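Participant: I need the structure of the sequence given here:
(2 chains)
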Amino acid sequence: MFETFELYTLQQYWWIIISLLASLLVFLMFVQGGQTLIYQLGKTETERSLIINTLGRKWELTFTTLVTFGGAFFASFPLFYSTSFGGAYWVWMAILFAFVIQAISYEYRTKPANFLGRKTYEVFLFLNGLLGTILIGTAVGTFFNGANFSVDKMNLTNIYDSAISRWETPFHGLEAVLNIHNVALGLSVFFLARVLGILYIVNSVNEENIFVRARKQMWYNAVPFLVFFLYFVIHLLLKQGFAVNPETGVIFMEKYKYLHNLLQMPVVLVLFLAGVAGVLYGISSFLFCRSRKAIWFGGTGTVLAVFSLLLIAGLNNTAYYPSLHNLQHSLTIRNSSSSHYTLTAMSYVSLFVPVVIAYIYVAWKSINNKPIEKSDLDDDSTHIY
Amino acid sequence: MTEAFDYSLIDWSRAQFALTAMYHWIFVPLTLGLGFIMAIMETIYVRTGNPEWKRITKFWMTIFGINFAIGVATGIILEFEFGTNWSNYSWFVGDIFGAPLAIEGIMAFFLESTFIAVMFFGWNKVSKKFHLVSTWLVAFGASLSALWILVANAWMQLPVGMKFNPETARNEMHNFWDVLLSPMAVSKFTHTISSSYLLAAIVVIGISSWYLLRKRHIVFAKRSIVVAAVFGLITSIFTILTGDYSARVVAQNQPMKFAAFEGLYVGQTRAPLVAIGVMSTSPEDPDNENIKDFVFKIEIPNFLSYMAFQDINAFVPGIRDLMEGNEKYNIPSAAEKIARGKLAIDALAEFKLAKEVQDQAKMDEARQILDENFRYFGYGYFVDDPSRLVPSVPITFYSFHIMVALGMWFMMFFAIVLLLVYKGKISQSKFWLTIGIVNIPLAYIASQSGWITAEMGRQPWVIQDLMPTMAAVSRLDTNAVITTFILFGVVFTTLLIAELKIMFKQIKIGPKQEGGH
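Facilitator: Residues are numbered from 1 along each chain as shown, chains lettered A, B, ... in the order given. Below you'll find the predicted structure:
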């Protein structure tokens, strides 16, 4: 089936998969958002344990999605992997450290003789939630605002200095935080993760005190989220974008490029609007109707909104990783992808994704179909973080 | 153009990858093996309905969980380090190497992480059978993730199933099945997972021995020992058989590494195997400090030729043959390979220039030269210093021999333990129980030695013959890499201490009397 597709069709298919994985990742970062709210929502040790245990049942899903996102990006667009990861070294390293300290914190926090003490692991969870979200958001901001790199594949023939991708600032990615638009996206992701964290916690923890505090926290987080998100999106739709001529591969600046992308791909526009509406409905149904199910709207909305934002970053002849150093070195889905053969092979593998989603659903349904409450923390037969 | 390599950048980047990989590998083999041991124990519980077996299973699951968390923490780095520190590599072979990493995520990691949740949280929420299936799926998921990353590693040692495309300046996959089923992939996967199962069996026996010496949890410990010893004996035999096969695959495809295994300087027919050897500290070859002679050795006649080619009369090339060439056995010299590699690199540059002016004839000519010499492409980077083509022989030799000796020893140990169990004397055998505890660090040494053998022995190659470390490394400031190296060292060491303290405490506490994880 896939082998008969044009290379460009496969490249688009894989950009769609990458965008979908990224959007699922942002949704699942409700775990990170929740981790930054442990002390605001939980005032007693038991309440905090409830929150940590409910987040702890999902952290691996987020983590695995991040790892799969990385692997899929490598497999489908290896030039991005080599250029961004090797270039924006400090940003990616900081993100990785933020996730390293998360992975042990749930399991080790309450174990006897855990060396660092319970509090340290809670700080690790907070740092993961803070840095993981802001930095990933800021890094994704460079998809729209560009980064300082150059790419010349023929450097390979210079045996003394063969690096293909080079970073053209000494700050290796840290300069991304000097761009207010990148930071706005980073902060949007951070506050969105907190919003989703709140919605997830009220859905999965049966404890009135936490619910009451959650409503207050929602105001504190939903408002800044909306401010940063609207600022980012309005600027994005009004700014010049990085367009690529499909015939020549030449990259040029186009006015209102991202707005054009939305208008020229009406399905994406509908998805985007539905996504934003879903998030807003999720927030307001919780705030005004005390809905505990709002996570489903907020989560679905997040997936749709992030998905469509990433689609306009790479589809419709757009350079998804623009080079500020030399516009012609910008990465597009055409010039940075794997070969036809590899994309075909990987496309067959992608057919497993629905199977994976199905068994995740069945497995979770079987063990986690009612909210956690205080008595669950005393259940000796199960695993408690 | 800089006329010298920044070797410090290469060394620190290698050191960082080695540090993170070795830390990761402290935790992975136990996860791989303990998964199956737990699954076997739970199967006995489901079959017999005896709650003691549930208690046993749950204890080992606690150990598994502590170990698994830090395995995950140390693992995420490795995937991204290919990009952060080996960016040229990521492009040069990303078309082939990325696929196994993505498949690993989609097919294995989700399987593992989903059913681990059922395994830990589902005791009273799902049926016994569903829980048992989940535990087995965790075990299979872990080994499946090992499969894909080992396929990727094997491909670096024996690049197959691809062709270099000068248009994109990278290797492109032509046959997925060749990549998946190459002899190197088969040997790497089977040897690595069987040795990991072996390590887990040693750990289970070691911890259980400690209980028996302290006369605590006698029934628990004896039953754990029985399961682990049977599992260990079978997997240790499998480890030795797959190790033997791995050595043959290496001999055929990575002759320099194979020579380094044995410290074989001058090739010979009817080559003996050095069973035990001590190397001199001064170099035998003044041009290369990596080459050392033996001050003491015990040899098994003809065995190396047999091991490599299953023929005692076969010629096993030594380091000198591979560097200086050997006409009789049709082995090209390093100088010849370097010249051909340089031809290939220059032809790629020519191709690019010809393409810019659309000179088809010149493009064809360059492409032909490139195709004829591509198999030596990576050698072209060694025009200034061919001696770097030789890996560190002492490190490779010692790590290889430590691994082999310990592997043999573990097989004997499992057999002895089973014999003692059969005779009903295991609880009284203080000597063997103490040996059981001592074996735990030895198993980790063996396991790490295996990777040191495989990875140090293949230096200077990131991709055998095609890309050396110096052409693969990201163009970073050395100080940046030193900084992250130190950060990784501090963070991972801290986490390791935490893990060990928690683990020791849990072992001290022992299996709970009823319920509880």
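
Participant: tell me which element A:Ser162 is part of?
Facilitator: Per DSSP states H and E: A:Ser162 is located in neither a helix nor a strand.

Participant: distance of it from A:Ala176?
Facilitator: 26 Å (Cβ to Cβ, to the nearest Å). C-betas here are computed from N, CA, C, even on glycine.

Participant: pLDDT-wise, which helix or strand of the chain ranks last?
Facilitator: Since no chain was named, I'll use chain A. helix A:353-367 (a mean of 89; mean pLDDT, DSSP states H and E).

Participant: that's the wrong chain, I meant chain B
Facilitator: Bottom-ranked secondary element of chain B by mean pLDDT, DSSP H and E: strand B:288-300, a mean of 79.

Participant: export the following helix or strand past it as PDB, just CAs?
Facilitator: Next along the chain after strand B:288-300, taking DSSP H and E as the criterion, comes helix B:303-309. Only the C-alpha atoms of helix B:303-309 are listed here, as PDB (Å, rounded to 0.1, in the frame of the first residue of the first chain):
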ATOM      1  CA  PHE B 303      41.400 -23.200  19.500                       C
ATOM      2  CA  LEU B 304      41.300 -19.600  18.200                       C
ATOM      3  CA  SER B 305      41.300 -20.700  14.600                       C
ATOM      4  CA  TYR B 306      38.500 -23.200  15.400                       C
ATOM      5  CA  MET B 307      36.500 -20.600  17.400                       C
ATOM      6  CA  ALA B 308      36.700 -18.100  14.600                       C
ATOM      7  CA  PHE B 309      36.200 -20.200  11.500                       C
END
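
Participant: May I see the buried residues of helix B:303-309?
Facilitator: Across helix B:303-309, burial judged by 16 or more other Cβ atoms under 10 Å in any protein chain shown covers B:303-309.

Participant: In the stretch 151-300 of chain A, what residue spans correspond to strands?
Facilitator: A:165-167, A:241-244, A:251-254 (DSSP state E, counting those that start in this stretch).

Participant: er, chain B actually
Facilitator: Under the criterion DSSP state E, strands of chain B are mapped to B:162-165, B:170-173, B:268-269, B:273-285, B:288-300, B:315-316, B:461-463, B:467-468.

Participant: ok, is the last one in contact with chain A or not?
Facilitator: Think strand B:467-468. No - for a cut-off given as Cβ under 8 Å from any Cβ of the partner chain, strand B:467-468 has no contacts with chain A; the smallest distance is 9.2 Å.

Participant: Identify the neighbouring strands of that strand in the sheet and state each direction.
Facilitator: Paired strands of strand B:467-468, with direction, are strand B:461-463 (antiparallel) (DSSP bridges).

Participant: what packs against the top helix by length along chain B?
Facilitator: Across chain B, the longest stretch assigned as helix under DSSP state H is helix B:7-48. The helices and strands touching helix B:7-48, judged by 3 or more Cβ pairs under 8 Å, 6 or more residues apart in numbering or on different chains; DSSP states H and E, are helix B:51-84, helix B:128-157, helix B:183-213, helix B:218-253, helix B:430-456, helix B:469-472, helix B:478-509.

Participant: how about those in TSV, adding mean pLDDT, mean neighbour count and distance to chain A?
Facilitator: Formatted as TSV, the helices and strands packed on helix B:7-48 follow (pLDDT from 0 to 100; neighbours: other Cβ atoms under 10 Å in any protein chain shown; distance: least, Cβ to the nearest Cβ, whole Å):
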stretch	mean pLDDT	mean neighbour count	distance to chain A
helix B:51-84	93	23	3
helix B:128-157	94	21	7
helix B:183-213	97	25	15
helix B:218-253	96	20	18
helix B:430-456	97	19	19
helix B:469-472	95	26	5
helix B:478-509	96	17	4
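
Participant: quick one, which of the ones you listed is nearest to A:Ser336?
Facilitator: Nearest to A:Ser336 among the helices and strands packed on helix B:7-48 is helix B:51-84; the distance by Cβ to Cβ comes to 12.8 Å.

Participant: A:Pro112 falls within a strand, correct?
Facilitator: No - under DSSP: H, G, I helix; E, B strand; the rest coil, A:Pro112 sits outside any strand and is assigned coil.

Participant: mind listing what it touches?
Facilitator: By Cβ atoms under 8 Å, 6 or more residues apart in numbering or on different chains, the contact list for A:Pro112 reads B:502, B:505-506, B:509.

Participant: Next one, pLDDT for it please.
Facilitator: Here the pLDDT value assigned to A:Pro112 is 93.

Participant: try A:Ile159
Facilitator: 92.

Participant: Run a quick neighbour tally on it.
Facilitator: A count of neighbours around A:Ile159, defined by other Cβ atoms under 10 Å in any protein chain shown, yields 20.

Participant: how long is stretch A:348-358 from one end to the other?
Facilitator: The first and final residues of stretch A:348-358 sit 17 Å from each other (Cα to Cα, to the nearest Å).

Participant: List the buried residues in that stretch.
Facilitator: For stretch A:348-358, by 16+ other Cβ under 10 Å, it's A:349-350, A:353, A:356.
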